[in-house]
Every structure is written in structure tokens, then in C-alpha cells.
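1. This is a predicted model, with the sequence first.
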Amino acid sequence: MNKPIHRITRAMLAATLFVSAGAIHAEERFITVASTTSTENSGLFDTLLPQFQEASGIEVRVVAVGTGKAIKMAESGDADVLFVHHKPSEEKFVADGFGVERFDVMYNDFIIVGPGADPAGVRGAGVNEALQKIAENGSVFASRGDDSGTHKKERSLWSAAGVEPGGEWYRETGSGMGATLNVASGVGGYALTDRATWLKFANKGDMAIVVEGDPVLFNQYGVILVNPAKHAHVKVDDGQAFVDWLVSDAGQQAIDAYRLEGQQAFFANAGG
Amino acid sequence: MSQFGDAAGTAVGLVLEADPTLVEIVLLSLRVSLSAVVIAACIGMPLGAWLTVSRFPGRRLVISVLNSLMGMPPVVLGLMVYLLLSRAGPLGEYGLLFTPTAMIVAQTLLVLPIIAALTRQTLSDLHREYDEQFRSFRIGPFAGTLILIREGRYSLATALLAGFGRASAEVGAVMIVGGNINHVTRVMTTTIAMETSKGDFSLALGLGIVLLAIVLVVNLLVSMLQWREKLA
């Protein structure tokens, strides 16, 4: 009479068995890499990681967060390798003893994107001039506001331009690059973004690149093995294998070969 | 409006193709949320039953706390589990952060108060109804509880469903403790959040539709069982 309930119970037990069966999967050889949303969302890892896994047999599990959070993750020992883009923070990470050694891997560049109508009239300007105009004009500027590499970069660009951003027009989203671009796109504002995320971003609307090519917009990525002296459980050999592969000819060629919407998204420069 | 059209198209396309990535994500979502509900039920239902029949000082306080925990923001819970499981945290040595296990732990803690509180509520209501009969037939608290559970089984099943709904729909906790790692801890809600951040709204909304459909199917299944029971 109360069969249906038994059936629910049985279904749940079956589900649990199915769950425990899945747990076996976890025995594989893998490393955890703390990286940024730009490398993950651009699709770069989707091409790089299978190549590395084929060469080494090591699975790479990427947790993609802002550079600030990625560094915190690595500092607490929750990652084996750190792969981010804010050189001063990375050097401090190594200097503080959390990382073994920092290697340049690749670069791309930041760009300023904005509404096609360009209300602040910044198209083609240098970065300083563009930011000053946006502030003077009170045009909406969407900032990451999340202590990510891009946010750190943006803060340094404002201070170089001699502007202290704030007020109604300056919107800190406190979220990832894509979410911030969604805000900019939604309200017709400007934003600083890395080129790879922009190329892949699907909700551009009438937005376009307004400032690019200024040397200060250079965006260097670096890779660091987390220091086993701080965290004994760090997978030193497998983590080092990943670092070595990234800066090797094979890894560097794989980075250069990656195309996003028909364009080269990252430029390998491990050689210096 | 065309975005909703695109999204519906994307959703149907994804399901029809049985896209392997989608299947993997859906299966992991089910695995995590079902495990969480099963574990939470094993702890929460006895806890709820115990709170119904037992009398001890501070019981009301425990019940109030339990009821408040039902409204725990997933992101706060996620952060707490993150700090517990982080290598720098008290349970760090087990290396559970960024694994499906971590996600199950977080969702279990999220769902546990819901199941326990709803169980207690259901059984208490029935208890008031049956109290006099139990006394006149001299049925003890243990046997009495079993009878109450049997009588309240559909409400209890609904409590499980509520738990499953909460677990499968939350994104805050699994994003933090799982890390949204491709092929390892990427579930439906974290994929939706990620695709939204990439500006790929139709894929995100399409996945949302799939998620809704799953919850709907589970609900229909339970109401079908209830309906058959009424006929029997």
C-alpha cells in the first residue's frame, strides 16, 4: 500500500550507489592550477591542457578566478601552480616564499571598449587622455572592482592618468570580466578588458574597441610553482612538469598556434 | 525577446543531440545534489522526529535556530566550507577542496536544516492530531513516531523535494567549494553563471531550461506516486 514510498527510497539508494561509483574517478593523476578567468574563458586551456596531458599523462584542473583570489588560493596551499597576470603581485608572491620561481609565459594586451557612439570621444586616443575624457564627460565606466589582475591594472592606469575615479559614473561590479562587460554593454559604458575575453565575449551589442595599442596596455602572464617548503602536499614533480612544458618549445608553439575568432589571442614570450 | 527564442532553441538542440558535455554536467549535478539530499535526509529526518517527541530545556531555541538556518545564504555556507576544507583550514589535510565531495558536503549542510525543520513541522502537526489516541492506546513515543512518519510520508517526500530543489538550484556554494573545474566540478548552475559571464546568454538560458525541466520531472514523478496512492 505504501509501495510508492519504497520506490522513492529505492530510487534514492540507487542514486547513492551511482554516486559512490563516480567517486572512483578521483584516483587519477592531476594537479590543480589557480588561474584567471581570461585564460579559461578565452578557451586557451581547452587547447593547451589536452596537449599537455597527452605529453605527460597529467590532468590539469583549473580553478579560474581573479588574480587576487588565485594568489590567495595558492598562498593557502589550495593549488599546485599559479598562472596569472599581474607581475608585481607575482613577484611579491615569490619574494614572500610562497612560490619557487616565476617564469614569463606569454602576453596579450588590454583594450578599452565602449559604446559605438563613443560619447566621451576617446576613440584612437592614448590611455591617459582617454581616461581623463571619460572622467570629465562623466561617461559610465564599468570597473571589475574585484582585486583581479585587470582591476589592479585599471587602478594603476587611473593613477597614471591623474584621475581618482569615483562618483555616479564609476561602477564597480565586484565580479568577473565577462560580468563587467555585460554591465558596460547593458548601460552603454566603457570598460578595460583583456583582448582574449573581449574576442570571445558574445554580448557585444554595439560596443567596439576604442583604445588599443598603447604600450602601457601590455599584459604579461607568468607561471609559478607553489613552494613545497610552505605546503608539503604540493605536487612538486607534476606541477614542475606543467611549468616546464608551458615554457618549452612545445608549449610555446601551442600558445602561439591558438586562434580565437581567427585572431592570435596570446603571444608566447618565455624566452624573455 | 529573441534571446528567449534562441535559448529555447539551444536547450532543445542540446537535449536532442545529447551533447556529451551537457550529459556530463547534468549527471554530475544530479550526483552531487542527490547525494546531498540522501545524506541530509539520513541525518535530518531522525533529527526532526527527535525534536518532535523529545522534551528538553532549550528545545525551542534549537527549533528556532533550525528554522533560521533554512534561510542560510548558499554563498555564506560555501565560504564556511571553503575555509574548513582549504589546505590552510582545519580539514585541509584531506585535500577535499575543489572535488565533488566538497560540493556534496556544502549542499548537505545547506539542505539539512530544510529537511530537519520540515520533518519536525510535519510530524508535530500530526502529533497534535494523534496525541490523544496514542495516549488512550498506550502507544510509546518510538512506535508513535513510526506511525506519524507513515502518516506523513507524502509531506516528508515533499520535504525531500524541497531539499533537492534547493540543492540543485544553488550556485553560490558549489562555485566556491567546487571551483567550476571543467570535467571535474562543473555543474549546471556554475556553467550557467560562467556562460552568462561570457555573454553567451542563449546557452546559459538553455541550460536553465534543462535544469527547470529536471526539477519538473522529479516533481511530476512524486505527484504521480501520490495520485496512484490515492486510487489504491
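-> Ah, there it is. Numbering: from 1, shown residues only, chains lettered A, B, ... in the order given.
2. For the one residue sitting closest to the centre of chain A, grab phi and psi.
-> Central residue of chain A (C-alpha atoms, centre = their mean): A:T36, 2.3 Å from the mean position. Main-chain dihedrals, A:T36, degrees, to the nearest 10: phi -110, psi 160.
3. just A:Y107 next, same as before
-> phi -140, psi 160.
4. ok, back up a step: my guess is the residue nearest to the centre of chain A contacts A:D147, does it?
-> No - contact status for A:T36 versus A:D147: not in contact, 11.9 Å apart, counting by C-beta atoms under 8 Å. (Each C-beta comes from the backbone N, C-alpha and C, glycine too.)
5. Please enumerate the shared neighbours of the two.
-> Taking C-beta atoms under 8 Å, 6 or more residues apart in numbering or on different chains as the contact criterion, the common neighbours of A:T36 and A:D147 are A:G66, A:T67.
6. Break down chain A into its helices, ranges please.
-> A:3-22, A:37-41, A:44-56, A:67-75, A:87-95, A:127-137, A:149-161, A:177-187, A:195-200, A:236-247, A:249-257 (DSSP state H).
7. Out of those helices, which gets nearest to B:I43?
-> With C-beta to C-beta as the criterion, B:I43 lies closest to helix A:3-22 of these, at 13.9 Å.
8. ok, and what's touching stretch A:38-55?
-> A:35, A:58-60, A:62, A:64, A:83, A:85, A:149-150, A:177-178, A:194, A:196-197, A:199-200, A:221, A:242, A:245-246, A:250-251, A:254-255, A:257-258, A:260, A:265-266, B:182, B:194, B:197-198.
9. Using PDB, write out the CA atom coordinates for it.
-> The C-alpha coordinates for stretch A:38-55 follow below in PDB (Å, rounded to 0.1, in the frame of the first residue of the first chain):
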ATOM      1  CA  SER A  38      40.700  35.400 -19.000                       C
ATOM      2  CA  THR A  39      42.800  32.200 -19.800                       C
ATOM      3  CA  GLU A  40      39.900  29.900 -19.000                       C
ATOM      4  CA  ASN A  41      37.100  31.900 -20.700                       C
ATOM      5  CA  SER A  42      39.100  32.600 -23.800                       C
ATOM      6  CA  GLY A  43      39.300  28.800 -24.500                       C
ATOM      7  CA  LEU A  44      43.100  28.700 -24.400                       C
ATOM      8  CA  PHE A  45      43.100  26.000 -21.800                       C
ATOM      9  CA  ASP A  46      40.800  23.900 -23.800                       C
ATOM     10  CA  THR A  47      43.600  23.500 -26.400                       C
ATOM     11  CA  LEU A  48      46.600  23.600 -24.200                       C
ATOM     12  CA  LEU A  49      45.600  21.200 -21.500                       C
ATOM     13  CA  PRO A  50      44.800  18.200 -23.600                       C
ATOM     14  CA  GLN A  51      48.200  18.600 -25.400                       C
ATOM     15  CA  PHE A  52      50.000  18.700 -22.100                       C
ATOM     16  CA  GLN A  53      48.000  15.700 -20.800                       C
ATOM     17  CA  GLU A  54      48.900  13.700 -23.900                       C
ATOM     18  CA  ALA A  55      52.600  14.500 -23.500                       C
END
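10. how about that stretch: buried residues?
-> The neighbour-count check on stretch A:38-55 (16 or more other C-beta atoms under 10 Å in any protein chain shown) flags A:S38, A:T39, A:E40, A:N41, A:S42, A:G43, A:L44, A:F45, A:L48, A:L49, A:F52 as buried.
11. for stretch B:77-89, same thing?
-> Of the residues in stretch B:77-89, those buried (16+ other C-beta under 10 Å) are B:L77, B:G78, B:L79, B:M80, B:V81, B:Y82, B:L83, B:L84, B:L85, B:S86, B:R87, B:G89.
12. which phi and psi does the fifth one have?
-> Just to be clear, that refers to B:V81. Torsion angles, degrees, to the nearest 10, at B:V81: phi -70, psi -40.
13. next one: the last one
-> Geometry field for B:G89 lists phi and psi as phi -90, psi 180, criterion degrees, to the nearest 10.
14. Can you check the pLDDT for it?
-> On pLDDT, B:G89 comes in at 91.
15. For it, which residues are in contact?
-> By C-beta under 8 Å, 6+ apart, the contact list for B:G89 reads A:S76, B:Y82, B:L83.
16. got a pLDDT number for the second one?
-> Predicted confidence (pLDDT) at B:Y82: the value is 95.
17. how about the helix or strand in which it is found as PDB, C-alpha atoms only?
-> Assigned by DSSP states H and E, B:Y82 falls within helix B:74-85. In PDB, the C-alpha atoms belonging to helix B:74-85 read as follows (Å, rounded to 0.1, in the frame of the first residue of the first chain):
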ATOM      1  CA  PRO B  74      24.400  29.400   0.000                       C
ATOM      2  CA  VAL B  75      27.400  31.700  -0.700                       C
ATOM      3  CA  VAL B  76      28.000  32.200   3.100                       C
ATOM      4  CA  LEU B  77      27.800  28.400   3.700                       C
ATOM      5  CA  GLY B  78      30.100  27.900   0.700                       C
ATOM      6  CA  LEU B  79      32.600  30.300   2.200                       C
ATOM      7  CA  MET B  80      32.500  28.500   5.500                       C
ATOM      8  CA  VAL B  81      33.000  25.100   3.900                       C
ATOM      9  CA  TYR B  82      35.800  26.500   1.800                       C
ATOM     10  CA  LEU B  83      37.600  27.800   4.900                       C
ATOM     11  CA  LEU B  84      37.100  24.400   6.600                       C
ATOM     12  CA  LEU B  85      38.400  22.400   3.600                       C
END
